Structure formats: structure tokens, C-alpha cells
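Enquirer: Got a sequence here, can you model it:
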Amino acid sequence: MSGQPTISDVAARAGVSKTLVSFVLNDRPGVSADARSRILQAVDDLGFRPNRTARALSSSKASAIGLVLARQPEMLRADSFFPPFIAGVEKVIAPADMALMLRFVPDASAERAAYTDLSRGRADGVIVTDIRSADPRPALLAQLGLPAVTLNRPVLDSPTPAVCLDDTQGIRAAVDHLIGLGHRNIAHVGGPIEYLHSHHRRQEWSDAMAAARLPPGRYLEADFTAAGGARATAALLDGSHPPTAILYASDLMAMAGMAEAHRRGMRIPEELSVVGFDDSELSAHLHPPLTTVRTDAFGWGQAAANTLISLLAGHPVADVELPAAVFVLRESTAPPP
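Expert: Modelled structure (predicted):
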């Protein structure tokens, strides 16, 4: 090596990115203990001394929080979770003079490039949603040196704090309510099963049926859109043993399911009981009002933003447990015909 060692030399020797070296030199959070140790050892080995001007630039803040969503932007028009969630985030970060950088990518394979771009000074940290089985994103973000908070805990070990909400209690209460009404053929329309929350809701529905010694109901995977909910409902009602009740993984899919049933001349809840999930504002104003499971997306957004801001400030941050989802009884359920 000729001349003075550079930050690139330190990154190469430690086997990390230059961004991660910058985070350690400026004592920013979001770096694993192992990576921090390797970087500091490389600094000592090379005799690296950061240039004051470069260090000042590297410690500058973007004053922005990133949110990467693997879906088409138009899906947010009727989504019952993300608009109030984003509003909750904004409620916290706006008074702190921070902005939300929202990035849409077509699928999970494009997320790496989006997070890499955000790590180049575009965002100080990110909120990670739709946690998946064997999710690679927490490890990627640690490698990039980009502080993060996840919504619910990943299955794999994660260096990032999580803001958690248990939705299984609400699902169990919904299924138990339908069973108590006399339903024995209860179907479930879920979201993409790669999402942990979709998997947990499906498992709780299945466990509740088994606990009541009932045969497994029919399960169909959809995509949280109205079109997906309508298609799944049509497939269930066209089956050889149509369900007398359907539990949906979102209010939007439940609303589309009700419309599909009405289109066929079915009466709700006399001929088909329907339960949604999210308790969106519109659900109480349908005809009939939708029985659902309530989560506080706005509060979840506030909690996630507050946790990330604390992490960015260098404060010790533990996982946050939010109040569990609750069952909301309205008029879209009744005893089976």
C-alpha cells in the first residue's frame, strides 16, 4: 500500500462496506459487534486516521426514514393497513424535522438495490415490513450499516429491534365465535404465505378448527387486493362443499368477498358469514357492518418511528410489544343456514 491508508482500504481489510466503516468511525448504531470489532482492528492494523473534513461529511444526517414496499404503488389506493401506518410514522417524524422516503419495488428481488441506495446517505434508517420466513433483509441492512426496525420478529436471528403485535388472539376469537354460532365449514382467505403474519393467521385458524375437533376448512392464498379476495371467494363458492363462513386476512378482501356473494344473490349473514381483518374505517359502514379483527396500524406506525428515532439517537432499544389484536363483533356473522 502506498501513501496514507483510506477508508476503502479499511473496508477491504475488514471485509465490509465503506458505509459500515463510516458508521463505526462516527459511532453510529446499527453495526453488529463482530463487524465493529473487525473494523476497529483494521483501523489499528493500517494506522488509519480519518480526514476531519471527510469525517464531518460522513457523519451528516439525511433526516429521512426509509420504507421499501415490494408491491405496485396503485395497491395503496384501497389498502387498509399502510395508509394509517404511514400516517402514524409521519405523526412522529414530522415534528422531528424528518421526512419519509417511500420506495416501491416490483418484487422482493429488487429490494437489495433499494436498500443499498438508501444506505448511501439517502436515509438514516429504515422500517422493515412484511417480514418473511428466512428473511435476508435484517442481515443485509446490518451489512450495509443501515439502522432498522422490523414489524414483528424475524425467524432468523436479527440484530435489529422489533415492534411486535400479536394478531393470533384476534384470529382465535373470530374462529371461536363462528364455531359458537354453529359453523362447521369455515374457510380462510389469506395473504401471501411467505409473509410471517399470513402464516401465523393461517396456523391459528387451523389450530382453532382442530381444537374444536372440526375437519380442516379450505384455505386459499390471495394477495390482499380486492380482485384477489373476489377471485378466492368465487373459487370457494363454486367448490363442491361451499363454506358457510369465510375468514379473510384483510378487510379489503372481505369487502370484495361480500360483493361477490351479493352478486350471486346470497344474503349476508343469513347464507354466508364473513369476517375481515384490520378494522378499516369503512368496515363499520358496510351493509351489513363487517365483523372483523382490530389492529391499530396508526399506533404501530408511531411506535415503529419512535423506536427507530431512539435507535438513531444511540439509546438502548429493546423490542416493543403492542396491545394484541382484538375481535370486533358486528352484523356480518350469524348461525349457518
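
Enquirer: shaky segments in the stretch 1-150 of the chain?
Expert: 1-3, 18-19, 28-30, 50-60 (pLDDT under 70).

Enquirer: Recalculate using a threshold of 50.
Expert: Applying pLDDT under 50 to the stretch 1-150 of the chain flags residues 52-59.

Enquirer: Now do the end-to-end distance for stretch 101-112.
Expert: 16 Å (C-alpha to C-alpha, to the nearest Å).

Enquirer: Let me fix that, I meant to ask about stretch 74-86.
Expert: Stretch 74-86: ends 15 Å apart by C-alpha to C-alpha.

Enquirer: As a check, name the ranges of all strands in the stretch 201-337 of the chain.
Expert: 219-221, 245-248, 273-275, 292-294, 320-321, 326-328 (DSSP state E, counting those that start in this stretch).

Enquirer: I would like the residues contacting the second one, please.
Expert: Think strand 245-248. For strand 245-248, the surrounding residues in contact (C-beta atoms under 8 Å, 6 or more residues apart in numbering) are 171, 174-175, 178, 181, 183, 185-189, 205, 229, 233, 236, 254, 257, 272-277, 333, 336. In short, each C-beta sits where N, CA and C put it, glycine included.

Enquirer: Can I get the buried part of the residues you listed as one ChimeraX selection?
Expert: Entered in ChimeraX, the line below selects the buried ones among the contacts of strand 245-248, by 16 or more other C-beta atoms under 10 Å:
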select :171,174,175,178,183,185,186,187,188,189,205,229,233,236,254,257,272,273,274,275,276,277,333,336
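
Enquirer: Filter the contacts of strand 245-248 down to the ones in helices?
Expert: Using DSSP state H, the subset of those located in helices is I171, A174, V175, L178, L181, W205, G229, T233, L236, A254, G257.

Enquirer: Do I have it right that the second one meets G276?
Expert: Right, the one you point to is A174. No. With contacts counted by C-beta atoms under 8 Å, A174 stays clear of G276, the gap being 9.2 Å.

Enquirer: so what's in contact with these two at the same time?
Expert: T291, V293.

Enquirer: Quick one: the strands in the stretch 1-150 of the chain, in order.
Expert: Using DSSP E, counting those that start in this stretch, strands in the stretch 1-150 of the chain cover 64-70, 99-105, 125-128, 148-151.

Enquirer: how many neighbours does L322 have?
Expert: L322: 18 surrounding residues under other C-beta atoms under 10 Å.

Enquirer: meant to ask about R71, not that
Expert: 17.

Enquirer: residue contacts, Q41?
Expert: A14.

Enquirer: heads up, I number from 59, so please use that
Expert: New numbering, starting at 59: the last item is Q99.

Enquirer: Please tell me how far it sits from A91.
Expert: Going from Q99 to A91 by C-beta to C-beta, to the nearest Å gives 12 Å.

Enquirer: Break the protein into its domains for me.
Expert: Following automatic domain parsing, one gets these domains for the chain: 65-116, 122-223+355-380, 226-353.

Enquirer: May I see these arranged in CSV, with distance to V386 as well?
Expert: Compiled in CSV, the domains of the chain are given as follows (distance: least, C-beta to C-beta, whole Å):
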stretch, distance to V386
domain 65-116, 38
domain 122-223+355-380, 13
domain 226-353, 5
